[in-house]
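Colleague: structure for this input, please:
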Amino acid sequence: MSVHEGPGETSGRKAGLFRTKSVEQSIADTDEPDSKLRKDLTAWDLTVFGVAVVVGAGIFTLTARTAGNVAGPSVSLAFVLAAIACGLAALCYAEFASTVPVAGSAYTFSYATFGELVAWIIGWDLILEFALAASVVGKGWSLYLADVIGVESTVVQIGDLDFDWGAVLLIAALTALLATGTKLSSRVSAVITAVKVFVVLLVIVVGAFYITGSNYSPYIPPSEPGETGEGIHQSLFSFLTGAGGSTFGWYGLLAAASLVFFAFIGFDVVATTAEETKNPQKALPRGILGSLAIVTVLYVAVTLVLTGMVKYTELSGEGATLATAFEFHGITWAQWVINLGALAGLTTVVMVMLLGQTRVAFAMSRDGLLPRPLSHTGRHGTPVRITVIVGVVSGVLAAFFPMGTLEEMVNIGTLFAFVLVCVGVIILRRTRPDLPRGFRVPLVPLIPILAVAACLWLMINLSVETWIRFVVWMVIGIVVYFLYGRRHSVLGQGGRPVPGVAARALDHLGGPDEPRHRGR
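Modeller: Numbers count the residues shown, from 1 in each chain. Here you go, the predicted structure:
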């Protein structure tokens with residue numbers, strides 16, 4: 001448990017908005033009996049989690065819409081560009097997660113490098129990514145459920161409100177599963193993930209027989225004016241450079257890379273489970289990089305098959321899906337198979353997004369930036385209170401609110417987190433070269449700098465409208481921090497590990513127990 005330093009004993013490190021929390025202190029906090037997570041996960045579990053959250057309905061819907069409306073056949077190149085940006089960031093995540101194996105992902109990493117205010121901002125940012133994504137994907141799941149069970153909709157009228165019982169049913173079941181235990185959740189996730197990967201592979205193999213080479217030409221269609229690429233709906237880059245619309249052409253390709261980045265979101269959730277992982281120094285890098293490699297191959301293969309089966313113009317409009325290409329060739333059973341794959345895909349996406357949200361909120365509450373009682377763990381070694389709260393909030397949002405599509409909002413939040421993690425690797429290498437690292441990013445600082453550049457490039461290719469909404473959300477977060485978080489921060493009140501716990505933390509890291517390591 002934490003104790004407080006006496007008057008005048010608070011170090012300069014703990015003063016101000018940028019007070020940092022040492023790596024040793026973060027790890028020591030994981031030994032608090034009241035908020036201790038159970039270590040159940042292996043490298044295989046983490047890889048499954050990564051694939052489970054990344055391969056969702058996006059592979060069946062986002063690929064077709066982006067090809068038909070934004071990039072044409074070059075959507076496959078857009079996925080490669082997005083994957084490169086993710087890969088560079090994933091290397092940085094792997095080093096950080098193996099060095100600081102604590103729940104919270106980018107939030108915890110930022111606390112150790114940039115300080116409390118930036119950590120809060122990134123935590124607030126991750127709340128946007130995980131919580132809203134879980135609700136939106138839950139509503140998407142209910143649409144596929146209606147198709148499978150043969151009903152018009154899972155939305156019923158309650159008074160003046162529309163109630164989506166399908167989304168609520170899914171979120172309630174997954175919340176109960178997560179509260180029961182992370183290991184059980186990983187086993188369920190593995191089974192469902194196997195189903196959806198089988199469906200994806202089936203689509204690739206069957207579709208490959210209907211590819212026509214001429215459909216790939218022109219690979220990058222000539223630029224066209226379009227409603228989605230004008231005004232505040234165009235990318236920030238095209239707005240600043242006066243290039244106008246970003247539909248097709250090179251600007252369309254770049255905008256598409258930023259859009260399909262949404263399909264990769266989730267591999268960073270693997271880092272939020274660091275505290276529940278056996279041998280995190282080896283398992284976390286393998287889980288993060290392994291899952292990213294698998295999904296990149298699947299995505300590029302699907303886009304090549306899709307744009308080879310039909311001309312990209314056949315995929316225009318908002319209703320286009322992967323099934324559109326199969327229906328074009330009279331393959332009528334494809335719709336049922338794709339619905340099954342989408343149901344399986346979205347189930348695991350919602351589950352892992354809920355998991356990520358609970359672990360970030362858990363880390364923030366343990367630090368006092370959110371109410372500390374929320375970090376209490378139950379007999380299953382999971383933060384039951386936070387899990388239930390996150391489930392209820394996500395369920396209510398999915399049940400009553402027409403969420404629409406929030407791909408871009410989630411994208412910009414994730415890219416912002418990636419930038420801070422990549423910069424943080426450079427900072428921690430300079431300030432704490434003594435820390436044992438289970439994985440080291442090669443060619444530092446070159447790789448992190450390239451990762452930052454790639455992420456910033458994708459960010460400026462998101463729409464002006466998205467940037468405006470993002471800034472508003474961040475301003476709200478800063479207000480909440482000053483009204484609550486700053487006053488209740490454990491670190492700000494002088495919290496530190498009790499004697500002996502810091503030593504165990506250093507043993508856990510594998511480094512020597514030297515006083516000079518603390519507080520840098």
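
Colleague: once you drop chain neighbours, what's closest to residue 450?
Modeller: Spatial nearest neighbour of residue 450, excluding adjacent residues (C-beta to C-beta, 6 or more residues apart in numbering): residue 88 at 5.6 Å. Placement of C-beta: from N, CA and C, glycine included.

Colleague: now the phi/psi pair for that neighbour, please.
Modeller: Dihedral pair for residue 88: phi -60, psi -40, per degrees, to the nearest 10.

Colleague: my guess is it contacts residue 447, does it?
Modeller: Yes. The pair residue 88 / residue 447 is scored as a contact, 6.1 Å apart, by C-beta atoms under 8 Å.

Colleague: what's the first helix or strand after the one helix or strand residue 475 maps to?
Modeller: Element membership for residue 475 (DSSP states H and E) is helix 464-480. Next in sequence after helix 464-480, counting helices and strands by DSSP H and E, comes helix 486-488.

Colleague: what about residue 472, distance to residue 393?
Modeller: From residue 472 over to residue 393 the distance is 20 Å, taken as C-beta to C-beta, to the nearest Å.

Colleague: the more surrounded of those two?
Modeller: Taking neighbours as other C-beta atoms under 10 Å, residue 472 and residue 393 compare with residue 393 leading, 15 against 10.

Colleague: which positions within the strand or helix carrying the more buried one qualify as buried?
Modeller: Element membership for residue 393 (DSSP H and E) is helix 384-400. Residues of helix 384-400 classed as buried by neighbour count (16 or more other C-beta atoms under 10 Å): 384-387, 389-391, 394-395, 397-399.

Colleague: buried stuff in the helix holding residue 475?
Modeller: 464, 466-467, 469-470, 473-474, 477.

Colleague: quick one: average confidence on that helix?
Modeller: Averaged across helix 464-480, pLDDT comes to 87.

Colleague: quick one, grab the pLDDT at the residue minimising distance to the centre of the chain.
Modeller: In the chain, the residue lying closest to the centroid (C-alpha atoms, centre = their mean) is residue 266, at 3.3 Å. For residue 266, the pLDDT comes out at 71.

Colleague: and what of residue 511?
Modeller: pLDDT at residue 511 comes out at 41.

Colleague: and for residue 148?
Modeller: pLDDT, read off for residue 148, is 80.

Colleague: OK, contacts around it?
Modeller: 336, 339-340, 343 (C-beta atoms under 8 Å, 6 or more residues apart in numbering).

Colleague: next one: residue 147
Modeller: If you count contacts by C-beta under 8 Å, 6+ apart, then residue 147 has 335, 339 around it.

Colleague: isn't residue 74 right next to residue 219, touching?
Modeller: Yes. The pair residue 74 / residue 219 is scored as a contact, 5.4 Å apart, by C-beta under 8 Å.

Colleague: looking at those two, which is more packed in?
Modeller: For residue 74 versus residue 219, the count of surrounding residues by other C-beta under 10 Å is larger for residue 74: 28 against 14.

Colleague: would that one count as being in a strand?
Modeller: No. Counting by DSSP: H, G, I helix; E, B strand; the rest coil, residue 74 is not found in a strand; it is helix.

Colleague: contacting residues around it?
Modeller: With C-beta under 8 Å, 6+ apart, residue 74 has these contacts: 219-221, 252-253, 256.

Colleague: the helix or strand where residue 77 lies: what's the following helix or strand?
Modeller: Using DSSP H and E, residue 77 sits in helix 75-99. Using DSSP H and E, the helix or strand that follows helix 75-99 in sequence is helix 106-113.

Colleague: quick one: list the elements packing against the helix or strand harbouring residue 327.
Modeller: Element membership for residue 327 (DSSP H and E) is helix 322-328. Counting by 3 or more C-beta pairs under 8 Å, 6 or more residues apart in numbering; DSSP states H and E, the packing neighbours recorded for helix 322-328 are helix 62-66, helix 182-208, helix 280-309, helix 334-366.

Colleague: which of those sits closest to residue 121?
Modeller: helix 334-366 (11.5 Å; C-beta to C-beta).

Colleague: so which bits of that closest one are buried?
Modeller: Quick answer for helix 334-366 (16+ other C-beta under 10 Å): 334-335, 337-366.

Colleague: quick one, it and helix 384-400 angle?
Modeller: 140 degrees (axes from the mean of the first three to the mean of the last three C-alpha atoms, to 10 degrees).

Colleague: now helix 334-366: average pLDDT?
Modeller: 84.

Colleague: output the contacting helices and strands for it.
Modeller: In terms of contacts (3+ C-beta pairs under 8 Å, 6+ apart), helix 334-366 is packed against helix 43-54, helix 106-113, helix 116-149, helix 165-180, helix 182-208, helix 269-272, helix 322-328, helix 384-400.

Colleague: neighbouring contacts of the second one?
Modeller: Put plainly, it is helix 106-113. 20-23, 26, 96, 100, 102, 104, 118-119, 122-123, 126, 268, 271, 360, 363-364, 367, 417-418, 420-421, 423-424, 427-428, 431.

Colleague: what's the answer for the fourth one, then?
Modeller: Among residues not part of helix 165-180, those counted as contacts by C-beta under 8 Å, 6+ apart are 134-135, 138-139, 141-143, 145-146, 154-156, 184-185, 188, 347, 350-351, 354-355, 358, 378, 380, 382, 384, 387-388, 390-392, 394-395, 398-399.
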